[in-house]
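J.: coords please:
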Amino acid sequence: MKNLQDTTILNNGVKMPWFGIGVFKVEEGPELVNAVKTAIKHGYRCVDTAAIYGNEEGVGQGIHEGIEVAEISREELFVTSKVWNSDLGYESTLAAYETSLQKLGLEYLDLYLIHWPVDGKYKEAWRALETLYKEGRVKAIGVSNFQIHHLEDLMNDAEIKPVINQVEYHPRLTQKALQEFCREHDIQLEAWSPLMQGQLLDNPVLKDIASKYHKSAAQIILRWDLQNGVVTIPKSTKEHRIIENASVFDFTLTKDEMDRIDQLNQNHRVGPDPDHIDF
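T.: I've put the predicted structure just below:
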């Protein structure tokens, strides 16, 4: 991983950038549009949103403006969205995909995910994703917030294996068993909330390592993600932070430093527990 355009090859042969921008909880409006456009201008090629974020229209506008500013083609970007729990089901998932495309102003998505493993619903939604994939409407399909038993259950009946499992992942929640399972089954792990919503930025271990490299604690975490083979999508709307987050390709953490960060794990979540979904 040498730069922002470096990619991992998913199990269906599609290339996905290791690093991107997330827009969770960024409301529609000029700030959102400018954040996406700015990220693309500074070399980001991966953009992650979801239907439930309520901001697909602004993300789409930012993508179109970013393409123009960066003078690149749509095909050079990797755009992800997700189907929400209330739309899980075969026909409703197909309809949700069309709605997301319309809001984003795009002809296709690079990746479409089931957002949460709602019991009794995700298998029908997966059938819809398989249909979209077979029809060439989406480049790749995957899941989000699936635990090992959810993945096993899905793959028992699935024709197509997920390419991605996007989960909460940070030094307080390393999910080693899940990561190993995904590695064994050639499912790429992707991190949401990699900075634990800012709760780790004053951690003394991370600050100590950061001082050695003249980096921020956030940059150390993001580098740790990448060296663990995890795609990562930090959120920011500030241009200086968007640039800083991506400045993680000019140093390498040692094994000892990686181990020290691993030891921060407490199996602590800032988001919901995927085994107890009530929304």
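
J.: only C-alpha atoms for contact and neighbour calcs from this point on.
T.: OK.

J.: Does His190 lie in a helix or a strand, and which?
T.: Not quite, residue 190 is Glu, not His. strand 188-192 (DSSP states H and E).

J.: Let's see the following helix or strand past that strand as CSV, backbone CA atoms only.
T.: Toward the C-terminal end, the helix or strand that comes next after strand 188-192 (DSSP H and E) is helix 204-213. In CSV, the C-alpha atoms belonging to helix 204-213 read as follows (Å, rounded to 0.1, in the frame of the first residue of the first chain):
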residue,chain,number,x,y,z
PRO,A,204,-1.2,7.4,25.7
VAL,A,205,0.0,4.3,23.8
LEU,A,206,-1.2,5.8,20.5
LYS,A,207,0.2,9.2,21.3
ASP,A,208,3.6,7.7,22.2
ILE,A,209,3.8,5.8,18.9
ALA,A,210,2.6,8.9,17.0
SER,A,211,5.4,11.0,18.5
LYS,A,212,8.0,8.7,17.0
TYR,A,213,6.6,9.2,13.5
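
J.: Show me what the mean pLDDT comes to for helix 204-213.
T.: Mean per-residue pLDDT for helix 204-213: 98.

J.: Mind giving me the packing neighbours of the helix or strand following that helix?
T.: Counting by DSSP H and E, the next helix or strand C-terminal to helix 204-213 is helix 217-227. When contacts are defined as 3 or more CA pairs under 8 Å, 6 or more residues apart in numbering; DSSP states H and E, helix 217-227 sits against helix 204-213, strand 231-232, helix 239-245.

J.: mind listing what's buried in whichever strand or helix holds Val59?
T.: If you go by DSSP H and E, Val59 is part of helix 56-70. Of the residues in helix 56-70, Glu56, Glu57, Gly58, Val59, Gly60, Gln61, Gly62, Ile63, His64, Glu65, Gly66, Ile67 count as buried by neighbour count, 16 or more other CA atoms under 10 Å.

J.: Keeping just the C-alphas, turn it into PDB.
T.: C-alpha atoms of helix 56-70 as PDB (Å, rounded to 0.1, in the frame of the first residue of the first chain):
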ATOM      1  CA  GLU A  56     -27.200  10.000  -0.800                       C
ATOM      2  CA  GLU A  57     -28.300  13.000  -2.900                       C
ATOM      3  CA  GLY A  58     -25.600  15.200  -1.500                       C
ATOM      4  CA  VAL A  59     -23.000  12.400  -1.800                       C
ATOM      5  CA  GLY A  60     -24.000  12.000  -5.400                       C
ATOM      6  CA  GLN A  61     -23.600  15.700  -6.000                       C
ATOM      7  CA  GLY A  62     -20.200  15.700  -4.400                       C
ATOM      8  CA  ILE A  63     -19.200  12.700  -6.500                       C
ATOM      9  CA  HIS A  64     -20.200  14.500  -9.700                       C
ATOM     10  CA  GLU A  65     -18.500  17.700  -8.700                       C
ATOM     11  CA  GLY A  66     -15.400  15.800  -7.600                       C
ATOM     12  CA  ILE A  67     -15.100  13.900 -10.900                       C
ATOM     13  CA  GLU A  68     -15.200  17.200 -12.700                       C
ATOM     14  CA  VAL A  69     -12.600  18.900 -10.400                       C
ATOM     15  CA  ALA A  70     -10.300  15.900 -10.400                       C
END
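
J.: Appreciated, that's everything.
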